[in-house]
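Could you look at this predicted model? Sequence included:
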Amino acid sequence: MAATLIDLLASTVAADPDAAAILYREERLTFADLDRQSAGFAGALRAAGIATGERMFLCLQNVPEFVVALLGAARAGVVTVPLNPMYTTAEIEKLAADCTPRAIVCDVGHAEGALPGLCRFTVGEGGSFATGGPIGADTPADPLMLVYTSGTTGKPKGAVIEHRHLLAGAAFYREAAALRPGVPILGAAPLFHVTGISGHIGAALAARAPLILCHRFQPDVVLDAIERHRPVFTVAAITALSALIDAPAFTPERAASLTTIFSGGAPVAPAMRARVKAATGVTLRNVYGLTETVAPVAACPIEPPAPVDAKTGALSVGKAVSGVRLRVVDDEGRDCAIGEPGEIVVSGPSVVAGYWRAPEASAESMRADGFRTGDIGILDPDGWLFLVDRKKDMIVASGFKVWPREVEDVLYTHPAVREAAVVGVPDAYRGETVKAVVSLRGGATLSEQELIAFCRERLAAYKAPRIVQIIDALPTTATGKILRRSVRD
């Protein structure tokens, strides 16, 4: 079994060097190409004086050079810090102050005003790096990567990801999705996110499968790629899948090759699962994980379909995956009774040990009995996990607890609603009151009062939104997770 990411690449190259590794536009890279180009990039890092253990920003879209740079940095023992290419100079500089990088890999012209002292490796229109030089593979040093949390509930923290964490994630996807050599997978999630890193790059290497890349997620471009290359598997946030099946050019025939679709990164309402099933014929399989777990720690099997919790209306995110211990605990750390909500605590081979240079945050979250996720969940007698909400997002209206997820799931059952976020806002009488912010599907019309009435028919009076705001689009992270904090602000 491979001990490092580079061992995994080496075994893949040895098995079938000329097999397709990446399919991008008109480009086809083999595993031998990845091996050669990543060795060249490792040599360029060494020639630039970037030492083992130093950090490198990797700021690219879903392009082959992202994979080459990640593998090359691993060969040189340089720690990769993936960045969202949409980050502003101020956002990049904020993260740089935390992890003190020595180099940055980015597109020509990107982030020109940021971090002038960094060694820059740029990717031009032709696609190749502006430097090179072959070297042999070295034994990489831990950590492999620092991946910053999305910061949806506070200051981003750098999760320290080691080779073993990524390899555990790659193995999960290969086995859970039954991936096979030579059968393409669709890279729908951003590669700078842990889902893209483990569920696309890691999974493709582990399965010796071609990875289809599309630069950015644009529904028409993705549909063209699916139709051309016929992938069997993808994993993406529900917002991306919704955009795909809502695209004017979508037809079931164009996506017919997809037989396994995972969704993670954001909650899935039962109504959204039904929409994906109706459009593609595939039963969406929920997975649950966080940046700190690198890969899913709970996942839905092929059969039976995930149940819906009768009390909260939440669709299950699956059962604990192999090797993972999953618990639901109260504020004192005691196991909750079956069916009672509490904080989800996990431990397993893909769960990181801590945050970069943040001992207090690490001690608070990574404890002896597992990682405190900050998510509230429920376990049923059969081991199904139901994700209720974020612990910090609970609303207390007139003394009653309201979980935004439950209200959002009801909102998604309205045929006109495309996106929904529910937050608590100050109320002089109730302390807090429930507010819903929604966007509508193309061509739909709906008034705020109509939506309030719709919810009152389906929810207890204290749960139903008293305020509704309809906007064009909700703020989201790069992976499609709706930013409740931004909605609240």
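That came through, no problem.

Work out the gap between stretch 322-330 and the centre of the chain.
Averaging C-alpha positions (Cα atoms, centre = their mean, to the nearest Å) puts stretch 322-330 20 Å from its chain's average.

try stretch 477-486
The answer for stretch 477-486 is 11 Å, by Cα atoms, centre = their mean.

Which residue ranges of the stretch 51-200 of the chain form strands?
Using DSSP state E, counting those that start in this stretch, the strands of the stretch 51-200 of the chain run over residues 55-59, 79-82, 103-107, 119-123, 145-148, 158-161, 185-186.

Could you export those strands as a markdown table, including mean pLDDT?
Formatted as a markdown table, these follow (pLDDT from 0 to 100):
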| stretch | mean pLDDT |
| --- | --- |
| strand 55-59 | 96 |
| strand 79-82 | 98 |
| strand 103-107 | 93 |
| strand 119-123 | 89 |
| strand 145-148 | 96 |
| strand 158-161 | 96 |
| strand 185-186 | 98 |
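
Please dump those strands into JSON lines; it should also carry mean neighbour count for every row.
Backbone N, C-alpha and C define where each C-beta goes, glycine included. Putting the strands of the stretch 51-200 of the chain into JSON lines (neighbours: other Cβ atoms under 10 Å) gives the following:
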{"stretch": "strand 55-59", "mean neighbour count": "25"}
{"stretch": "strand 79-82", "mean neighbour count": "26"}
{"stretch": "strand 103-107", "mean neighbour count": "23"}
{"stretch": "strand 119-123", "mean neighbour count": "19"}
{"stretch": "strand 145-148", "mean neighbour count": "25"}
{"stretch": "strand 158-161", "mean neighbour count": "25"}
{"stretch": "strand 185-186", "mean neighbour count": "26"}
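
now the ones you listed in a markdown table, with distance to Ala266?
Shown next, in a markdown table, are the strands of the stretch 51-200 of the chain (distance: least, Cβ to Cβ, whole Å):
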| stretch | distance to Ala266 |
| --- | --- |
| strand 55-59 | 23 |
| strand 79-82 | 19 |
| strand 103-107 | 27 |
| strand 119-123 | 29 |
| strand 145-148 | 17 |
| strand 158-161 | 18 |
| strand 185-186 | 18 |
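
So which of these is nearest Gly342?
strand 158-161 (23.1 Å; Cβ to Cβ).

which outside residues touch that closest one?
81, 95, 98-99, 143-149, 194, 291-292, 294, 352-358 (Cβ atoms under 8 Å, 6 or more residues apart in numbering).

again with stretch 197-209
5, 8-9, 12, 15-16, 19, 21, 31, 67, 70, 82, 145, 147, 166-167, 169-174, 177, 179-185, 187, 189, 191, 210-211, 235, 262, 294-295, 350.

In ChimeraX, select just the buried ones from the residues you listed.
Here is the ChimeraX selection string for the buried members of those, based on 16 or more other Cβ atoms under 10 Å:
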select :5,8,9,12,19,21,31,67,70,82,145,147,166,167,169,170,171,172,173,174,177,179,183,184,185,187,189,191,210,211,235,262,294,295,350
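
how close does the closest residue to Leu146 other than its chain neighbours get to Leu290?
Nearest-residue entry for Leu146: Gly158, 4.0 Å, with adjacent residues in sequence omitted and distances by Cβ to Cβ, 6 or more residues apart in numbering. From Gly158 across to Leu290, the span is 14 Å (Cβ to Cβ, to the nearest Å).

Over to Thr413?
27 Å.

ok, and Ala42, which helix or strand is that part of?
helix 31-47 (DSSP states H and E).

So for that helix, what gets flagged as buried?
31, 33-35, 37-46.

Same check on stretch 10-27?
Quick answer for stretch 10-27 (16+ other Cβ under 10 Å): 12-13, 19-24.

same thing with stretch 215-232?
217, 219, 222-223, 225-226, 231-232.

Cross these against strands and list the overlap.
Residues of the buried residues of stretch 215-232 located in strands (DSSP state E): none.

Same list (those residues) but as a markdown table, adding pLDDT and distance to Phe57.
Listed next are the buried residues of stretch 215-232 as a markdown table, based on pLDDT from 0 to 100; distance: Cβ to Cβ, whole Å:
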| residue | pLDDT | distance to Phe57 |
| --- | --- | --- |
| Phe217 | 93 | 22 |
| Pro219 | 95 | 29 |
| Val222 | 97 | 27 |
| Leu223 | 97 | 32 |
| Ala225 | 97 | 27 |
| Ile226 | 97 | 31 |
| Pro231 | 98 | 29 |
| Val232 | 97 | 33 |
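
Just the closest of these to Arg334, please.
Phe217 (42.2 Å).

which stretches of the chain form helices?
Per DSSP state H, the chain carries helices over the ranges 5-15, 31-47, 64-76, 89-99, 163-176, 194-196, 203-207, 219-229, 238-246, 270-280, 359-365, 404-412, 448-456, 484-488.

Select from these the stretch with the lowest mean pLDDT.
The minimum mean pLDDT among the helices of the chain belongs to helix 484-488 (a mean of 79).

which strands and helices sit next to that one?
strand 417-427 (3 or more Cβ pairs under 8 Å, 6 or more residues apart in numbering; DSSP states H and E).

now for the helix holding Ala42, which elements pack on it?
Checking 3+ Cβ pairs under 8 Å, 6+ apart, helix 31-47 ends up next to helix 5-15, strand 20-24, helix 64-76.

quick one: which two of the buried residues of stretch 10-27 are the most distant?
Val13 and Tyr24 (19.0 Å).

How about the contacts made by Val235?
Per Cβ under 8 Å, 6+ apart, neighbours of Val235: 173, 188-189, 195, 199-200, 261-264, 287.

what do you get if the cut-off is 7 Å, keeping everything else the same?
189, 195, 199, 262, 264 (Cβ atoms under 7 Å, 6 or more residues apart in numbering).

cool, Arg325 as well?
For Arg325, counting by Cβ under 7 Å, 6+ apart, the contacting residues are 346-348, 370.

and it, bridged to which residues?
Ser347 (DSSP bridges).

any idea how far it lies from Ala74?
Distance from Arg325 to Ala74, by Cβ to Cβ: 29 Å.

before we move on, what about Ile104?
Counting by Cβ to Cβ, the gap from Ile104 to Ala74 is 17 Å.

low pLDDT regions in the stretch 301-450 of the chain?
Scanning the stretch 301-450 of the chain for pLDDT under 70 picks out 399.

What are the boundaries of the strands in it?
316-320, 325-329, 342-347, 366-367, 370-379, 385-390, 395-397, 400-402, 417-427, 431-440.

on that earlier part again, distance to Arg275 added to the buried residues of helix 31-47, as JSON lines?
Formatted as JSON lines, the buried residues of helix 31-47 follow (distance: Cβ to Cβ, whole Å):
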{"residue": "Phe31", "distance to Arg275": "37"}
{"residue": "Asp33", "distance to Arg275": "39"}
{"residue": "Leu34", "distance to Arg275": "37"}
{"residue": "Asp35", "distance to Arg275": "42"}
{"residue": "Gln37", "distance to Arg275": "40"}
{"residue": "Ser38", "distance to Arg275": "40"}
{"residue": "Ala39", "distance to Arg275": "45"}
{"residue": "Gly40", "distance to Arg275": "45"}
{"residue": "Phe41", "distance to Arg275": "42"}
{"residue": "Ala42", "distance to Arg275": "45"}
{"residue": "Gly43", "distance to Arg275": "49"}
{"residue": "Ala44", "distance to Arg275": "46"}
{"residue": "Leu45", "distance to Arg275": "45"}
{"residue": "Arg46", "distance to Arg275": "50"}
